[in-house]
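# pasting the sequence and the predicted model now:
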Amino acid sequence: MSDFSGMEDLLQDFLQEANDLLSDVDNKLVDLERAPDDRRLLNDIFRGFHTIKGGAGFLNATELVALCHLTENLFDKLRNGEMNLSPDLMDTIMAATQEVRSMFGELAQATQPRSAQAHVSAALRAALEGDVHAAAPAVAVAPTAPAAAPVMPPPVVELPETATVQSDDEPDWETLHSAISGAPVAPPPVSAPVAPQAVVTPVVASAGQHFPPEGRRSTDKPGAVAATSAAGRRSEEKFAARESTIRVDTARLDQVLNLSGEIGLTKNRLTSLRADILAGRNDSDTLHALDQAVSQLDLLVSDLQNSVMKTRMQPIGRLFQKYPRIARDLARQLGKDVELALIGEETEVDKTMIEDLADPLVHLVRNAVDHGVESPEDRVAAGKPAKSIVRLEARQEGDHIVLIIADDGRGMSPERIRMKAIEKGLIREEEANTLDDRQSLNLIFLPGFSTKMEASAVSGRGVGMDVVKTNIQKLNGSVDIRSEPGKGSVFIISLPLTLAILPVLLVLLGDQPFALPLSMVREILPIDKTKMQEVGGKETLVVRGEVLPVVALSRLLGWPQLQTPEYGVLMQTSERSFILSVDSFAGRDDAVIKSLDDFRPRGVAGVTTLSNGQIVLILDMKELLADLNAHIDTSLGVKHTRSLELSA
């Protein structure tokens, strides 16, 4: 039975508000570590914790109140100048905020949270008594070092490229499946001590694992690294379910309401005109009034559609706010000095995209800190500042959202990546010789690609970057890499503004229309059979000096080709271009996508309805590309195997 019977709505309101407050506190703590004398930051952090404590008290969550009270006292001493902030003290504070978040997870299950982990409470009390060093072991940041030992930089490993890596061991498929699907992995009992080598901390999760700061509980053993509790995983699932709600600015709702009223008035006008026409009035004034009313309705419906779409848009800063702490914790664990700079937090993205972007961005931020950034000693030796800047940026470009993750680290060498891919058996040497620098950089997206010699607790399983690309492709997006050895790497993610409306090109096979994503279309060409050439028995066409394979849409769909295609659609993926031959065109449209949940044929992303009521299939070129790649490579006489996965 619920511990909050009759208070469910109040509990959910508290959790939503308190989670936002705690995320803000985490970000301000990262800023405070860089500016420990900033009284404004200290006051903001104190007020945030005080507000959380007040709400918890109203819900009678006594254990949460007790933990917040201890932490609040620590903040009070800091802001009054009775204590000085040190790295060990900051670790203790971070452990306390992590414990508070874990308690939120238990509250999300409508149960009163258990008492805080013993070593966290002991660390807070020791810090309040002035024994900061005694508190430090409670929040160990190096899993292989003794708890009280200072944090040391990791050994320099040859070729530490900005890519996830793999050892000779098999990946932890159970953990990977849990990370992608959200299914919980059976964790050890919360109260039982766990050996450090058998557990995972929030800052050293494997490369393929979901890496949220929420919902983690540590063991009671002082100095032990944190383990994932069942309550924490359940809380993540609860939070995911609760994210079906959305916060909308009242001004946007007012606009939707006003437009709805205007449409109602126009509907009444059309009803009156319809009655007049049915009564025999078809003079020019009546027809002109009808034309005006229909035009007005068209404009109002278009404005209403745009306004409703904006209610789905959320500032991406709500996603970005979790990453400063992730970067801080990992950098401290690795003995690096890294600052995560957030740019464009006000950029608005479709809410469903924000949720699906969480995992890819975690991987890329962690990779930038782990692989891309050098140690302070190496940076100084290379003539760089000891502190590295990792930039996480969002901006809108036309009808696309662009996300940039950039570091000023060591960069990547295309040649070394090709050599490593050959060594791992991912591609053959003759294939590697045909790849340019851009294609070579994209090899890091191959499953199992590795540059490290052995796996670590932070990374090394080779299951990260392929997950990144797969998740981005599910959002109809693309990933591009730019890197220069010695200067850093940049990952550029391009996403559609929304997933609800998709610009499409309508093509015809006979009389049947199909919709192609317009983002992949570069131009439309007439197909002149006299200019077609055969390469390896397959048809190709030369376009501005480039030999492009021609693939019939009917062949991709398994339809009989009843007539010779007259037009070609020059389509481009992140890796190659090709010509898709079709019979004719029906124009361009903005498709409102309707998913096929019960039955979805291969290569079909969904359906839309045309203005004449005809249902049109929206083709999923990502799925069709598997067959298309095999056809293209065969037509060009190239025997690719695993490298086909490079195509978007």
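Cool, the structure landed. Just so you know, these numbers come straight off a predicted model, no measurement behind them.
# please count neighbours and contacts with C-alpha atoms only from this point.
Will do.
# any stretches of the stretch 351-500 of the chain with poor pLDDT?
450-464 (pLDDT under 70).
# check whether Asn43 really touches Arg79, as I assumed.
Yes: counting by Cα atoms under 8 Å, Asn43 touches Arg79, with 7.0 Å between them.
# the more surrounded of those two?
Using other Cα atoms under 10 Å, the more surrounded residue of Asn43 and Arg79 is Arg79, with 22 against 14.
# what helix or strand is the residue nearest to that one when sequence neighbours are not counted on?
Nearest non-adjacent residue to Arg79, counting by Cα to Cα, 6 or more residues apart in numbering: Leu42, 5.8 Å away. For Leu42, the element it lies in under DSSP states H and E is helix 39-58.
# what residues does that helix touch?
By Cα atoms under 8 Å, 6 or more residues apart in numbering, the residues outside helix 39-58 that reach it are 14, 18, 21-22, 25, 28-29, 31-32, 62, 64-65, 68-69, 72, 75-76, 78-79.
# tell me which stretches of the stretch 401-550 of the chain form helices.
414-423, 429-432, 437-441, 465-474 (DSSP state H, counting those that start in this stretch).
# okay, and the beta partners of Pro315?
Judged by DSSP bridges, the bridge partners of Pro315 are Glu348.
# closest to the centroid, which residue in this protein?
Closest to where the C-alpha atoms of the chain average out (Cα atoms, centre = their mean) is Leu357, at 1.5 Å.
# output the below-cut-off pLDDT ranges for the stretch 1-150 of the chain.
1, 131-150.
# tell me where it has helices.
Ranges of helices in the stretch 1-150 of the chain, per DSSP H, counting those that start in this stretch, are 8-34, 39-58, 62-79, 87-108, 118-128, 132-135.
# mind checking how far the first one is from the chain centre?
Spelled out, it's helix 8-34. Relative to its parent chain, helix 8-34 has a centroid offset of 21 Å by Cα atoms, centre = their mean, to the nearest Å.
# list the buried residues in it.
Applying a neighbour-count criterion of 16 or more other Cα atoms under 10 Å, one finds 11, 14-15, 18-19, 21-32 buried in helix 8-34.
# got phi/psi on Lys387?
phi -90, psi 130 (degrees, to the nearest 10).
# I figured it hits Leu340, correct?
No: the pair Lys387 / Leu340 is not scored as a contact, 10.6 Å apart, by Cα under 8 Å.
# between the two, who's got more neighbours?
For Lys387 versus Leu340, neighbours defined as other Cα under 10 Å are more numerous around Leu340 (22 against 17).
# so that one sits against Ile326, correct?
No: distance between Leu340 and Ile326: 9.5 Å, which falls outside the contact criterion (Cα under 8 Å).
# coming back round to it: which stretch among the helices of the stretch 401-550 of the chain comes nearest Ile481?
Smallest distance to Ile481 across those (Cα to Cα): 6.8 Å, for helix 437-441.
# what packs against the closest one?
helix 414-423, strand 478-484 (3 or more Cα pairs under 8 Å, 6 or more residues apart in numbering; DSSP states H and E).
# buried sites along it?
Gln439, Ser440, Leu441.
# check stretch 275-295 too.
Buried-residue list, stretch 275-295, by 16+ other Cα under 10 Å: Leu290, Ala293, Val294.
# can you list contacts of it?
Contacts of stretch 275-295 (Cα under 8 Å, 6+ apart): Thr266, Arg269, Leu270, Leu273.
# and that stretch, what's its mean pLDDT?
When pLDDT is averaged along stretch 275-295, the result is 91.
# ends of that stretch, what's the gap?
Length of stretch 275-295, first residue to last, Cα to Cα, to the nearest Å: 19 Å.
# now the nearest residue to Ile524 once chain neighbours are set aside: which helix or strand?
Using Cα to Cα, 6+ apart and skipping residues adjacent in sequence, the residue nearest Ile524 is Val569, 4.7 Å away. Take DSSP H and E as the rule and Val569 turns out to sit in strand 567-572.
# domain-wise, how is the chain divided?
Here the domain assignment for the chain is 1-139, 250-311, 322-496, 501-646, based on automatic domain parsing.
# burial count for Val365?
24.
# pretty sure it is touching Ile405, no?
Yes: using Cα under 8 Å, Val365 is in contact with Ile405, at 7.1 Å.
# got a list of what the residue nearest to Glu8 when sequence neighbours are not counted touches?
If the residues on either side of it in the chain are set aside, Glu8 comes closest to Ala110, at 7.8 Å by Cα to Cα, 6+ apart. Ala110 makes contact with Ser2, Asp3, Phe4, Glu8, according to Cα under 8 Å, 6+ apart.
# look up how far Phe4 lies from the nearest residue to the first one once chain neighbours are set aside.
What that stands for is Ser2. In space, and not counting its chain neighbours, Ser2 is closest to Ala110: 5.3 Å by Cα to Cα, 6+ apart. Using Cα to Cα, Ala110 is found at 6 Å from Phe4.
# what does Asp249 give?
29 Å.
# show me which of these two is the more surrounded one.
Phe4 (17 against 11).
# so the more buried one touches Thr111, yeah?
Yes: using Cα under 8 Å, Phe4 is in contact with Thr111, at 7.3 Å.
# next, the residue of the chain most remote from its centre: secondary structure please.
Distance from the C-alpha centroid of the chain, by Cα atoms, centre = their mean, peaks at Gly280 (59.9 Å). Following DSSP: H, G, I helix; E, B strand; the rest coil, we place Gly280 in the coil state.
# what about the strands in the stretch 451-600 of the chain?
Here the stretch 451-600 of the chain has its strands, by DSSP state E, counting those that start in this stretch, at 478-484, 488-496, 501-509, 512-517, 521-526, 533-535, 538-543, 546-552, 567-572, 577-582, 584-592.
# okay, angle between the first one and helix 414-423 too, please.
Which is strand 478-484. 120 degrees (axes from the mean of the first three to the mean of the last three Cα atoms, to 10 degrees).
# buried set for strand 478-484?
Within strand 478-484, the residues that count as buried by 16+ other Cα under 10 Å are Ser478, Val479, Asp480, Ile481, Arg482, Ser483.
# now the last one
Under the neighbour-count criterion of 16+ other Cα under 10 Å, strand 584-592 has Ser584, Phe585, Asp589, Ala591, Val592 buried.
# and which of the residues you listed is nearest to Thr530?
When the buried residues of strand 584-592 are ranked by distance to Thr530 (Cα to Cα), Ser584 comes first, at 19.0 Å.
# and Thr62, how far from Leu32?
From Thr62 to Leu32 the distance is 28 Å (Cα to Cα).
# let me redo that: Val582
For Val582, the distance to Leu32 - Cα to Cα - is 60 Å.
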